[in-house]
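Novice: here is my input, please return the structure:
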Amino acid sequence: MAMDNVFTKLLLRVLVAGYIIFMSVKLLTSSDTGDNQTVFTIIAILFIFASGAFIVYSILDYFKKKDSNDSDN
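Specialist: Below is the predicted model:
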């Protein structure tokens with residue numbers, strides 16, 4: 001039962017981070033941002049890198065918890 005909770009948390013984290021990446025790419029490709037194009041580009045790139053790092057962290061955390069649960073059994 002504990003593994004299902006850990007996997008659900010991983011799935012939710014990846015979906016949220018993926019949505020943030022999707023919206024950041026959508027912001028990068030939009031042409032109606034006006035004078036603040038450079039600011040929006042920098043913010044979108046930072047969000048993409050942060051979300052990617054969060055996905056990697058979540059996957060590593062999942063495997064760490066999975067290994068600790070396997071060793072307990």
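Novice: which other helices and strands contact the top helix by length along the chain?
Specialist: Ranked by residue count, the top helix of the chain under DSSP state H comes out as helix 37-72. Under the contact criterion of 3 or more CB pairs under 8 Å, 6 or more residues apart in numbering; DSSP states H and E, helix 37-72 touches helix 2-29. Any C-beta I mention is one placed from the backbone N, CA and C, and that applies to glycine too.
Novice: return the residues in contact with the spatially most central residue of the chain.
Specialist: Against the mean C-alpha coordinate of the chain, by CA atoms, centre = their mean, the closest residue is A17 at 2.6 Å. Residues near A17 by CB atoms under 8 Å, 6 or more residues apart in numbering: S51, G52, F54, I55, S58.
Novice: ok, now with 7 Å
Specialist: Counting by CB atoms under 7 Å, 6 or more residues apart in numbering, A17 touches S51, F54, I55.
Novice: what's the pLDDT at the closest residue to the last one other than its chain neighbours?
Specialist: Yep, that's I55 we're talking about. Spatial nearest neighbour of I55, chain neighbours left out: A17 (4.9 Å); criterion: CB to CB, 6 or more residues apart in numbering. At A17, the model reports a pLDDT of 89.
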